[in-house]
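Chemist: This is a predicted model, with the sequence first.
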Amino acid sequence: MKPKMRRKLKKMGAFIFTASMIAMIALLGLVRIRPVEPPKKAATEKIVVNHILDEKVLDLNKPVVDLSGWQRPEDIDYNTLSQHVIGAVIRVNGSYGHADNSASKDGEDTAYKQHIKAFQERGIPTAVYAFVTGENTSEMRKQARDFYRRASPYKPTYYWLDVEVTNMKNMNQGIEAFRSELEKQGAKNIGIYAQDWFLRDNQIKVDKFKAIWIAAYGRNTGSWDASPETTLSYKMQQFTDQGTLPGYSGNVDLNMVNNQTNYNELFKNQK
């Protein structure tokens, strides 16, 4: 069987078809195609201020939270979180020498600007800390200068040295190089964060620091359950890295200030 051939249009049919196509093209030429509009931006978030600094006597059962670039700002509801803390300590310097999700190669924390701004806008007094990793006094002084340059525009209540790594044979010399350089740059309130055993093992003197922030977790349940075993006169205790607070779904470090006088010094700059 021969295959069927496509049927030819008759003359009148061809005329009608051609006229219809011309009319359609003309009509399309008159229609303006609207460009796709970009999605409208969400309304600016309303900032909920916590008037904690107006209170003369605080509920010291509420913690101080410390955050770094590991806690991403986009994952935090700052309005909610700020209602459940009495202060914040934000990391400004992370590890030097390699980049990760929390800090750049030159040690700059990836989220400190957002964290500080968010808490300060909501009335939460904010201090800062630097993870100290220098391997000689020259590196220690450079890290101190970086720390002050990055943090000082925000006028933090306190500058803390987070000392956890033994990078020098004479750690006391290195820590003093960092502290004295930070003071030289203009920092007035400088404290040290460490565990008691670390300070003893590395023979780090703390007498030139204005405050000690001690890390002692007890059973590390997420709640405070033990005081540090130390003879040092500390003003704040980090008691867990398994804390939870409304406004953030992950774990956070939580800290307890042991009395109103110490709180005033650390977060209100009062003595």
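Modeler: Sure thing, it's come through. Computed from a predicted model, the values in this text were never measured in an experiment.
Chemist: just for the stretch 1-150 of the chain, where's the confidence low?
Modeler: 1-44 (pLDDT under 70).
Chemist: and stretch 156-166, how far out from the chain's middle?
Modeler: 15 Å (CA atoms, centre = their mean, to the nearest Å).
Chemist: likewise stretch 77-89?
Modeler: With CA atoms, centre = their mean, you get 12 Å for stretch 77-89.
Chemist: So what touches that stretch?
Modeler: 45-48, 50, 52, 58-60, 62-67, 115, 118-119, 122-129, 157-158, 160, 245-248, 255, 257, 263, 266-267 (CB atoms under 8 Å, 6 or more residues apart in numbering). Using the backbone N, CA and C atoms, a C-beta is placed for each residue, glycine as well.
Chemist: So which of those residues are in strands?
Modeler: Counting by DSSP state E, the contacts of stretch 77-89 place 64-67, 126-129, 160, 245, 248, 255, 257 in strands.
Chemist: Going by neighbour count, which of the residues you listed comes out on top?
Modeler: W160 (29 neighbours; other CB atoms under 10 Å).
Chemist: quick one: contacts for the nearest residue to that residue once chain neighbours are set aside?
Modeler: Once flanking residues are discounted, W160 sits nearest to Y129: 3.8 Å by CB to CB, 6 or more residues apart in numbering. The neighbours of Y129, taking CB under 8 Å, 6+ apart as the test, are D66, V89, I90, R91, V92, N93, Y159, W160, L161, D162, Y193.
Chemist: out of these, who's nearest G174?
Modeler: L161 (10.4 Å; CB to CB).
Chemist: returning to what we had before: can you redo the contacts of Y129 as JSON lines with distance to P228?
Modeler: Shown next, in JSON lines, are the contacts of Y129 (distance: CB to CB, whole Å):
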{"residue": "D66", "distance to P228": "16"}
{"residue": "V89", "distance to P228": "17"}
{"residue": "I90", "distance to P228": "23"}
{"residue": "R91", "distance to P228": "21"}
{"residue": "V92", "distance to P228": "25"}
{"residue": "N93", "distance to P228": "25"}
{"residue": "Y159", "distance to P228": "22"}
{"residue": "W160", "distance to P228": "16"}
{"residue": "L161", "distance to P228": "18"}
{"residue": "D162", "distance to P228": "16"}
{"residue": "Y193", "distance to P228": "12"}
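Chemist: all helices of this structure, in order?
Modeler: Remark: helices assigned in the chain by DSSP state H are 11-30, 78-81, 112-121, 137-151, 171-185, 196-201, 260-267.
Chemist: Which one, of the ones you listed, ends up nearest to D100?
Modeler: helix 112-121 (14.6 Å).
Chemist: what angle sits between that closest one and helix 137-151?
Modeler: Angle, helix 112-121 to helix 137-151, by axes from the mean of the first three to the mean of the last three CA atoms, to 10 degrees: 50 degrees.
Chemist: Among the ones in strands among the contacts of stretch 77-89, which pair sits farthest apart?
Modeler: Applying CB to CB across the ones in strands among the contacts of stretch 77-89, the maximum distance is between W160 and Y248, 21.2 Å.
Chemist: Nearest spatial neighbour of the spatially most central residue of the chain, chain-adjacent residues omitted?
Modeler: Residue closest to the average C-alpha location in the chain (CA atoms, centre = their mean): S68, at 3.8 Å. Spatial nearest neighbour of S68, chain neighbours left out: R91 (3.7 Å); criterion: CB to CB, 6+ apart.
Chemist: Show me how far stretch 221-241 is from its chain's centre.
Modeler: 22 Å.
Chemist: next one: stretch 191-201
Modeler: Centre-to-centre, stretch 191-201 and its host chain are 24 Å apart (CA atoms, centre = their mean).
Chemist: Please enumerate residues in contact with that stretch?
Modeler: 129, 158-164, 175, 179, 204, 206, 209-216, 228-230, 232, 235, 238, 266.
Chemist: Now list the buried members of these.
Modeler: 129, 158-163, 175, 179, 204, 206, 209-216, 228, 230, 235, 238, 266 (16 or more other CB atoms under 10 Å).
Chemist: In strands, which of the contacts of stretch 191-201 fall?
Modeler: Under the assignment DSSP E, those contribute Y129, Y159, W160, L161, D162, A211, I212, W213, I214, A215, Q238 to strands.
Chemist: Now render those residues as TSV, adding distance to Q83.
Modeler: Output for those, formatted as TSV (distance: CB to CB, whole Å):
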residue	distance to Q83
Y129	23
Y159	26
W160	24
L161	30
D162	26
A211	26
I212	29
W213	24
I214	27
A215	26
Q238	21
